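Enquirer: Need coordinates for the below:
(one chain, ligands or ions: 1)
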Amino acid sequence: MIKFDFDTFRKQNITDEELNQFDNIDNEINVFFDQYKNYMGWYHIDKLFNNQIMEDINATGSYIKDNCDAFIVVGIGGSYLGSQAVIEALNDYYYNQKKSPKIYYLGTSLSSQQYNDFIDLIKEKEIIINVISKSGTTLETTITYELLLKFMKEKYNPEELKNRVIITTDNDDNPLKEDARKYGFKSFIIPSDIGGRYSVFTPAGLLPIRVSNFDLKKLYDGAKEACNNINNQIKYAIIRHLMYKKGKTIEAFVIYEPKLNSFVEWLKQLYAESLGKEEKGILPIGLSNTKDLHSMGQYIQEGSKIVFETIIKTNSNNNMMIDKYNKTLDQINDIACLSTAAAHLEAGVLNNIITIETINEKTIGYLMQFFMISCAISGYIEGVNPFDQEGVNNYKTKIEELL
Ligand code: PA5
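Expert: The predicted model follows:
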């Protein structure tokens, strides 16, 4: 289903001694996970996908599909990146032109221009919004919600409005929760032991994914499989660490299938926000090839040798012949991927290759859980807490002060 190839790292003269220091890592990880159990709700996949929650999400998802032309997800950071990654990876490229309801993401900027243009686009449409914020206080989300609520109050009577706003937040009291009570909005809970960037398998991610008509059970099956065997996650985390120790301070997540662009955005957030702290951490960047071979590719090939690559290679089987080369387009894309990896390797840029046979709910579920677990393990190896984000909180506080 998914193949992990970490062998090129052998070429970086990784010695047995370097690897041996991790001999006891399985036990140490268990202790670490236990120490952070109050942040690790996402690891207990059975609890997240329990029947009651699934029924509620399925029923609400069907209601949304039947009652609006536009479904608007309002949220920032971990509140939207996971569902967007899954929805774009699994859908047709032009799903929003073809499917109903159309799915939009709003609240990721403070641009009045963007908001104006958006309202102009949807003002005649029937809409349902899903406001997602664990804290219920995030600036961009609450401002966008305030604007949309004003717009909706003019468009719908109170009874109708009640069925058109869904709040997803944590269980504590916060302004969003209060509004849900005040107006009688439907609400979903993000468990207290799951932070935003680990929340894709909570209602924060699952409801939008369901609205896009995907099978949550298969997503669960994939995630569960990743939990059942964490050897590859351990190996990946160790290799990242050894790369870092050898001066590779940038990890490029590389794709050759642009459907995974948002998946890479999700990955960048997961790794940057979890591990970039205490003046340490590998900087995650994304390369969408072959587009970026005509820009960033130059740097990777001949620039400072501070980058290593994690390539997510996908297979597909469209029989689109390109006569000039007597090969299918998929074969040419594969050749581009493997020959570029070889050229980079020759230049001293090492790469992991993760190959996905088919992009579907199960493989995406697996891959997301794979990366979340590896990220937590990297937190252990680097000696940082992978679940907090004091740096982000600092900027939030500064803005609040000035406002
Ligand atoms: O991963 C995280 O914790 C953050 O990126 C949050 O998701 C982001 O800051 C939004 O926070 P909230 O869900 O509280 O609105």
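Enquirer: For stretch 1-14, buried residues please.
Expert: 2, 6, 8-9, 14 (16 or more other Cβ atoms under 10 Å). For every residue, glycine as well, the C-beta is placed using N, CA and C.
Enquirer: Just the local confidence number for the residue nearest to Ser212 when sequence neighbours are not counted, please.
Expert: Using Cβ to Cβ, 6 or more residues apart in numbering and skipping the chain neighbours, the partner closest in space to Ser212 is Ile87 (4.7 Å). Per-residue pLDDT puts Ile87 at 98.
Enquirer: With Gly365 instead?
Expert: Taking Gly365 on its own, its pLDDT is 98.
Enquirer: Quick check: the gap between it and the ligand.
Expert: 19 Å (Cβ to the nearest ligand atom, to the nearest Å).
Enquirer: distance of the residue lying closest to Tyr36 once chain neighbours are set aside from Asn13?
Expert: Using Cβ to Cβ, 6+ apart and skipping residues adjacent in sequence, the residue nearest Tyr36 is Phe387, 6.1 Å away. Using Cβ to Cβ, to the nearest Å, Phe387 is found at 34 Å from Asn13.
Enquirer: got it, and Phe214?
Expert: In terms of Cβ to Cβ, Phe214 sits 44 Å off from Asn13.
Enquirer: Which residue ranges of this structure form strands?
Expert: Counting by DSSP state E, the chain has strands at residues 2-5, 70-74, 102-106, 127-132, 165-169, 186-189, 250-255, 283-288, 307-314, 321-322, 327-328, 351-356.
Enquirer: what are the pairing partners of the third one, and which direction each?
Expert: So the one you mean is strand 102-106. Using DSSP bridges, the strands paired with strand 102-106 in its sheet are strand 70-74 (parallel).
Enquirer: Ends of stretch 101-116, what's the gap?
Expert: 21 Å (Cα to Cα, to the nearest Å).
Enquirer: quick one: buried residues of stretch 216-229?
Expert: In stretch 216-229, counting by 16+ other Cβ under 10 Å, buried: 216, 219-227.
Enquirer: Just the CA atoms of it, as PDB, please.
Expert: Output of stretch 216-229 as PDB, limited to C-alpha atoms (Å, rounded to 0.1, in the frame of the first residue of the first chain):
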ATOM      1  CA  LEU A 216     -14.500   8.100   7.100                       C
ATOM      2  CA  LYS A 217     -14.300   4.400   8.000                       C
ATOM      3  CA  LYS A 218     -11.600   3.900   5.300                       C
ATOM      4  CA  LEU A 219      -9.700   6.900   6.600                       C
ATOM      5  CA  TYR A 220      -9.900   5.300  10.100                       C
ATOM      6  CA  ASP A 221      -8.600   2.000   8.700                       C
ATOM      7  CA  GLY A 222      -5.600   3.700   7.200                       C
ATOM      8  CA  ALA A 223      -4.800   5.600  10.400                       C
ATOM      9  CA  LYS A 224      -5.300   2.500  12.500                       C
ATOM     10  CA  GLU A 225      -2.800   0.600  10.400                       C
ATOM     11  CA  ALA A 226      -0.200   3.300  10.900                       C
ATOM     12  CA  CYS A 227      -0.700   3.000  14.700                       C
ATOM     13  CA  ASN A 228      -0.200  -0.700  14.600                       C
ATOM     14  CA  ASN A 229       3.300  -0.600  13.200                       C
END
